[in-house]
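Please find the sequence and the predicted model below.
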Amino acid sequence: MKPKSRSAAVLAEVLVLVAGVIAPASAATPSPASNESRTARYFESIRKDPNRLLPFLREMPKGGDLHNHLSGAIYAESLIQWASEAKDCVDPSSMTVVAGPCTAPQVPVSDALANPALYASLIDAFSMRNWQLSGQSGHDHFFATFGKFGQVTGTDAGGKMLAETAARAASQHEVYQELMVTPTGKDLEALATSVGWNDDFSVMQQKLLANGLPQILATASQQIRATAAARDKLLDCGDAKPDPGCQVPQRFLFQVARGKPKEVVFAQILSGFLMAGAEPGVVPPDPHVVGLNLVMPEDWRVPIHDFPLHMQILDYLHKKYPKVHIALHAGELVEGLVPPEDLQFHVRQSVEIGHAERIGHGVDVMNETLPFELLHEMASRNVMVEICLTSNDVILGVSGAQHPLREYIRAGVPVALATDDEGVARSDMTHEYLKGAQEQDLSYLQLKKMARTSLEHAFIGGASVWRDGKTFAVVKECTGVRPGAERPAATCRRFLDGSEKARLQWKLEAEFDQFESQPWPAAAKAAP
């Protein structure tokens, strides 16, 4: 980016700030008589009443969860049960699960089913429950949990994990999920190690393809299909009374472990591109994989040191395969966690060099160089930010007015709430909405906009039902058609039939239509 003079930069920041302050006032307001306005008024009347606000938000339609790590989405109680069934063992001193048979001082995980103290200790070790008593920071306790239960999620639990997350999503009135998974394992790492590093990305790509990468990815696709089939069986999706989770489409983002050696990171990024459809003639695309993301703690040495290199790899592959979707963790940092210099460029480079269509977290955005200019750029590029309020609170200690969510909204940057690791964090989408209402002072219309925005920026295929994804003006084919109508007009029906994304968006609108048509209690009249 061409550098600006200081005066020009300051003027740009002021203009963006002013535009952001004005923008919310010009947002569309429902007519006083509409069901939407009645619902919004009732919401305001119960905002300070958590006993009414919680059930309201539980039933509110919520769109999609676009930032959700599958292994972190599972509650500790499930992990204990599955480890018991697998006859796994645990070392009581470290609370780390290992495969059986047990050797002293290990004990069977199944012992916890009859030992309340061990059961409680395992839940605390596998999650953020009581983390303040662990002697660790929230950051360190959170990231340590995955190594403790990795034996459970790393075996044949994939179908059970998908079933649990789908069922919970349905209970939260979500209509779509994108889950981060790493479908390849040690074979890909071994291949990358054998190929070694080469500064010529093209040479590395050709060596990986010539030495077995297509076969590794074919096996990964088979495992994904088997896992999805196991989920469907557990949820009785083929029966007369299937679990509601069967109605929640689940797609996957290829999860790249950016803390690995650089040759492994390159191989994983390339694999994500290929599975998402980069070269269908070389590697058949997996319809379940819709994009990729880089994960692992952003403050660790390798992710910090190799961050510019990772962006260069993404830039190289994006230029070759521009249709592959990219979402990136960026700015999951706070002052003191890293040197000040490392707070100043991660979000910008992720957008400008890494070609991220969505940013996960973005907590340190106001520490970036020329932050208001960056916010304006993100708004103009239509880069969405996945907001994970509970995660940012327990890991980084950022909540309330310290969180940059209001700055994103003021600047017109698309935002949507997400769970991140709902099992480890002991949360769910309803409680993310609750934190949004109580801690961020979000209105009903803002929460509704976030639900719509989540589907607008989902990587699922097909055209959007909105001709404008910011004002949510419907396409002409469906103008004047009520979303809840059983038989929409022929032109609208044909449009919906041709787009999975539009069908999900239409389903969400139908759920909002039904939700907002309720006869809200008289408490709405007592709004402060």
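Nice, I can see it. Numbers count the residues shown, from 1 in each chain.

do you know how far Pro488 is from Arg503?
11 Å (CB to CB, to the nearest Å). Where C-beta positions appear, they are placed from N, C-alpha and C, glycine not excepted.

I meant Ala356, not that one.
26 Å.

Compare neighbour counts for the two and give me the winner.
Neighbour tally, Ala356 and Arg503, criterion other CB atoms under 10 Å: the higher count belongs to Ala356, 28 against 18.

my read: Ala327 touches Gly362, true?
No. Ala327 is beyond contact range of Gly362, at 11.6 Å (criterion: CB atoms under 8 Å).

Same drill for these two, tell me which one is more crowded.
Gly362 (35 against 27).

residues touching that one, list them.
Ala330, Gly331, Val347, Val385, Pro404, Tyr408 (CB atoms under 8 Å, 6 or more residues apart in numbering).

What sits closest to it if chain neighbours are left out?
Residue nearest to Gly362 in three dimensions, not counting chain neighbours: Gly331, with 4.3 Å by CB to CB, 6 or more residues apart in numbering.

Check the burial of the one you found by counting its neighbours.
Around Gly331 there are 25 other residues, counting by other CB under 10 Å.

who touches it in this structure?
Applying CB under 8 Å, 6+ apart to Gly331 gives the contacts Glu298, His346, Val347, Ile359, His361, Gly362, Val363, Asp364, Val365, Glu368.

Is the last one in contact with Val351, as I believe?
No. Using CB under 8 Å as the test, Glu368 is too far from Val351 to be in contact (10.2 Å).

what is in contact with the two at once?
Contacts common to Glu368 and Val351, judged by CB under 8 Å, 6+ apart, are Leu374.

Report the residue spans of the stretch 1-150 of the chain with pLDDT below the cut-off.
1-32 (pLDDT under 70).

got the residue ranges for the strands in it?
According to DSSP state E, counting those that start in this stretch, the stretch 1-150 of the chain carries its strands in the segments 63-69, 89-91, 96-98, 107-108.

Deepest in the core, which of these is it.
When those are scored by mean count of other CB atoms under 10 Å, the highest mean neighbour count falls to strand 63-69 (a mean of 28).

name the helices or strands packed onto it?
Identification of packing neighbours for strand 63-69 by 3 or more CB pairs under 8 Å, 6 or more residues apart in numbering; DSSP states H and E yields strand 174-181, strand 384-387, strand 415-417, helix 444-456.

Pull the number of nearby residues for the residue nearest to Gln344 when sequence neighbours are not counted.
Nearest non-adjacent residue to Gln344, counting by CB to CB, 6+ apart: Thr369, 5.0 Å away. Residues near Thr369, counting by other CB under 10 Å, number 11.

for this structure, which residue is closest to the average position?
Central residue of the chain (CA atoms, centre = their mean): His67, 0.3 Å from the mean position.

I'd guessed that residue sits against Gly360; true?
Yes. Assessed by CB under 8 Å, His67 is found in contact with Gly360 at 5.1 Å.

what's the overlap in contacts for the two?
Ala327, Glu386, Cys388, Ala418, Asp420.

Could you measure from the closest residue to the second one other than its chain neighbours over to Lys319?
By that I understand Glu386. Nearest residue to Glu386 in three dimensions, chain neighbours excluded: His67, at 3.8 Å (CB to CB, 6+ apart). His67 sits 26 Å away from Lys319, going by CB to CB.

Any stretches of the chain with poor pLDDT?
Applying pLDDT under 70 to the chain flags the ranges 1-32, 522-528.

can you give me phi and psi for His329?
phi -70, psi 130 (degrees, to the nearest 10).

what sits against Arg47?
Going by CB under 8 Å, 6+ apart, the list of residues near Arg47 reads Leu53, Ala437, Gln438.

Which single one of those residues is nearest to Leu253?
Taking CB to CB as the measure, Leu253 lies nearest Ala437 of those, at 27.8 Å.

Quickly find the element holding that closest one.
Ala437 is part of helix 429-439, with elements assigned from DSSP states H and E.

now Gly360
Gly360 belongs to strand 358-361, assigned by DSSP H and E.

Can you spell out which helices and strands pack onto that strand?
strand 325-330, helix 346-352, strand 384-387.

now for the helix or strand following it, which elements pack on it?
Moving toward the C-terminus from strand 358-361, the next helix or strand (DSSP H and E) is helix 371-381. Packing contacts for helix 371-381, counted by 3+ CB pairs under 8 Å, 6+ apart, involve helix 6-22, helix 346-352, helix 405-411.

Mind listing what's buried along the second one?
If you call a residue buried by 16 or more other CB atoms under 10 Å, then helix 346-352 has these buried ones: His346, Val347, Arg348, Gln349, Ser350, Val351, Glu352.

What of the last one?
For helix 405-411, burial by neighbour count (16+ other CB under 10 Å) applies to Leu405, Glu407, Tyr408, Ile409, Arg410, Ala411.

Out of these, which two sit at the greatest distance?
Farthest pair in these, by CB to CB: Leu405 and Ala411, 11.0 Å.

circling back: using a markdown table, lay out the contacts of Gly331 together with distance to Leu162.
Listed next are these as a markdown table, based on distance: CB to CB, whole Å:
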| residue | distance to Leu162 |
| --- | --- |
| Glu298 | 27 |
| His346 | 31 |
| Val347 | 31 |
| Ile359 | 26 |
| His361 | 24 |
| Gly362 | 28 |
| Val363 | 29 |
| Asp364 | 32 |
| Val365 | 32 |
| Glu368 | 36 |
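
Sweet, I'm off.
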